[in-house]
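[1] Give me coordinates for this.
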Amino acid sequence: MESFVRISALLWADILVAYAFFGMQDYLTTVWKLSYTHAAGILNIWNGISMILPLFFLFLVDALLGNFTMLVISSIAYSVGIGLVTMSTPPILAKSTCKRYAPECIGHTQKVLFYTGMAFIAVGMAGNLVSVKTFLEEQKKKKKPENEEQRGKEDEDDEGYRKRCSNLDPLRFCCQIPGAVMVVAVPVVGAIALPYIKPWKLRFGIPAICVVFATLFFPTGWPCYRKVKLKGSPVTSVCRVFVAAAFKIFRPFPLNNEQYHKKEGEVTEFSPTCLLRRLHKAAIILPGDLSKEDEARNRWRLCSVAEVEDAKIAIRMVPMWMTFVVCGMVSSTGNTYFVEQANNMNRRLGKLKLPPQILLLAQRSANKLFGSWAETLLEDRWKGTPAIGIGVAMTSSVLCCIVAAVVETKRLKVIRRHGLLDKTDGDVPMNILWLIFQFILLAGLDSFMENSVAAFYNDQSPQSMKKDSTRKYIKQFIKGVSGLGFMCSVLSVYAVGKLSEKGGKNTSWFRYTLNKSHLDRYYWVLAVLSSLNLVVFILVALHYKYQKREEPAQDEVEADI
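    Predicted coordinates:
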């Protein structure tokens with residue numbers, strides 16, 4: 001239990017930082033006095049990098065570092081990053097005697113600290129995303145012994161584990177209580193208490209203290225953490241296929257399948273293909289390829305049939321993956337333009353003033369709900385169920401853009417009706433809860449996409465290739481493609497702004513303030529792009545062959561009953 005608390009402390013600190021950074025759009029527009037599009041561009045590039053980095057970090061974890069080392073590195077980076085961002089606020093390292101939250105108090109030093117801190121935080125977030133949950137699972141799992149010799153070794157390891165952790169037994173009960181409390185307390189504090197703290201140095205500083213505490217607390221459980229051997233990365237296998245095929249590019253194809261390298265218990269025949277047939281040469285056995293003397297060198301010159309098939313499956317999925325870029329562009333509006341709208345709306349619910357973070361809490365709650373619905377859908381045994389799940393995610397993106405456009409149109413009408421067009425500080429007399437629907441639809445997009453993509457890979461793979469390690473890479477790759485969409489959203493805003501200037505009134509849809517802009521029209525553009533993207537996805541999905549899931553065995557059904 002104490003290991004769970006130590007590892008989860010990293011996750012809780014991550015959640016607290018997420019709630020604090022949900023208001024970063026407000027910080028950049030009110031303190032730095034950036035235009036809302038400039039602030040959104042900074043955050044979307046940062047978010048995009050944060051989503052692309054985990055794919056590279058996952059390779060480092062599997063091939064070189066392991067989860068514990070990655071968590072130590074990412075935690076230190078996280079602590080340094082949030083510390084630098086906190087120090088960049090004007091009152092801490094003020095420019096001369098200027099200590100106000102104003103643009104004239106933001107000097108070169110503050111900007112360097114801020115951008116450097118954001119880079120470190122991106123590294124910390126990526127490392128935590130890759131390793132926290134995986135490392136926690138490693139501590140829960142206990143490998144079943146295959147024979148008596150291995151059973152004796154397992155018993156010996158467990159005895160050593162008990163001896164190493166015996167001195168920590170008094171802490172078990174002390175850790176259980178705060179562990180249970182923190183599961184509920186962290187989201188509540190992040191969503192409700194933290195936004196009411198006005199000074200930005202404290203709003204960033206409190207999560208910084210929590211991150212530093214989690215960083216120092218996590219390594220204290222080193223004697224009790226189960227050690228897991230590195231198994232290598234599936235990415236290495238895919239790279240080996242391309243290298244081996246390149247070495248044998250001028251070799252003729254063998255006349256029979258006996259000259260292909262096969263491993264017992266794996267796929268032994270190639271699937272029919274035309275464009276990717278040259279990859280089959282990676283499995284051609286040449287004289288000396290199977291010699292043990294040159295085994296290390298031959299790993300990059302000879303691959304098994306199963307490894308070639310795995311690489312082919314990954315390549316076949318590329319056309320579908322490219323459709324996820326537009327989904328990333330839609331998701332990028334959640335922490336930027338939606339937040340900017342929330343900051344300009346009435347936040348009162350009776351006598352209570354709601355913080356914008358309440359929308360993030362609603363989105364995270366909806367995420368869990370939609371996640372359970374997605375799992376229920378994917379348990380169905382219809383053909384193509386994973387593709388249907390991805391289609392539901394893309395439909396959610398279309399609906400999200402439409403709802404956002406309608407709500408923003410209504411908000412602009414209220415502004416004109418009350419003569420608030422030139423006022424930037426006053427709240428628009430329209431309740432913030434109008435935005436909750438688009439946040440919930442964003443949750444539907446993220447949940448159905450994350451759950452369905454891994455299931456889609458399983459559907460396209462033979463039974464021997466349905467590995468947890470490969471599914472991890474598929475999930476991170478999809479997040480990386482979505483991260484590319486976050487970065488593309490910056491280009492889309494620039495392009496739409498330039499094109500709108502060439503319209504009838506020669507004015508951009510994106511002005512310095514939100515009230516004078518036409519963000520609703522940009523949402524309609526995203527709705528059209530998302531609709532076209534959905535059509536492209538359907539056309540691409542029709543070219544895949546789908547497997548019908550097998551019915552559970554009768555004895556398994558009886559066991560469940």
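[2] Contact partners for Ala77?
    Going by CB atoms under 8 Å, 6 or more residues apart in numbering, Ala77 touches Phe120, Ile121, Val123, Gly124, Gly127. For the C-beta atoms, the positions are set from N, CA and C on the backbone; glycine is no exception.
[3] For the fourth one, which non-adjacent residue is spatially closest?
    Translated: Gly124. Nearest non-adjacent residue to Gly124, counting by CB to CB, 6 or more residues apart in numbering: Tyr78, 2.8 Å away.
[4] correct me, but the one you found touches Ala122?
    No - if you go by CB atoms under 8 Å, Tyr78 and Ala122 don't touch, sitting 9.7 Å apart.
[5] name the element Lys312 belongs to?
    Using DSSP states H and E, Lys312 sits in helix 305-316.
[6] packing partners for that helix?
    Applying 3 or more CB pairs under 8 Å, 6 or more residues apart in numbering; DSSP states H and E, we find helix 305-316 packed against helix 234-247, helix 436-460.
[7] That helix: how far from the chain's middle?
    25 Å (CA atoms, centre = their mean, to the nearest Å).
[8] Could you check how far the residue nearest to Ala314 when sequence neighbours are not counted is from Leu378?
    Leaving aside its chain neighbours, Ala314 sits nearest to Val238 (6.0 Å; criterion: CB to CB, 6+ apart). Distance from Val238 to Leu378, counting by CB to CB, to the nearest Å: 25 Å.
[9] follow-up on the earlier one: looking at the helices and strands packed on helix 305-316, which is buried most?
    Sort the helices and strands packed on helix 305-316 by mean neighbour count, taking mean count of other CB atoms under 10 Å, and helix 436-460 sits at the top with a mean of 23.
[10] any idea which helix or strand comes after that helix?
    Downstream of helix 436-460, the next assigned helix or strand under DSSP H and E is helix 468-501.
[11] okay, the angle between that following helix and helix 234-247?
    Inter-element angle recorded for helix 468-501 and helix 234-247: 80 degrees (by axes from the mean of the first three to the mean of the last three CA atoms, to 10 degrees).
[12] Now do helix 468-501: which elements does it pack against?
    Short answer (3+ CB pairs under 8 Å, 6+ apart): helix 468-501 packs on helix 36-60, helix 234-247, helix 318-322, helix 324-331, helix 436-460, helix 519-541.
[13] between these, which gets nearest to Val406?
    Of all the helices and strands packed on helix 468-501, it is helix 519-541 that lies closest to Val406, at 7.9 Å by CB to CB.
[14] quick one: the closest one to chain centroid distance?
    Distance of helix 519-541 from its chain centroid, counting by CA atoms, centre = their mean, is 22 Å.
[15] Quick one: the strands in the protein, in order.
    With strands called from DSSP state E, the chain shows them at 345-346, 348-349, 352-353, 428-431.
[16] Make TSV out of those strands and add mean neighbour count and mean pLDDT.
    Putting the strands of the chain into TSV (neighbours: other CB atoms under 10 Å; pLDDT from 0 to 100) gives the following:
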stretch	mean neighbour count	mean pLDDT
strand 345-346	19	86
strand 348-349	12	82
strand 352-353	10	81
strand 428-431	16	85
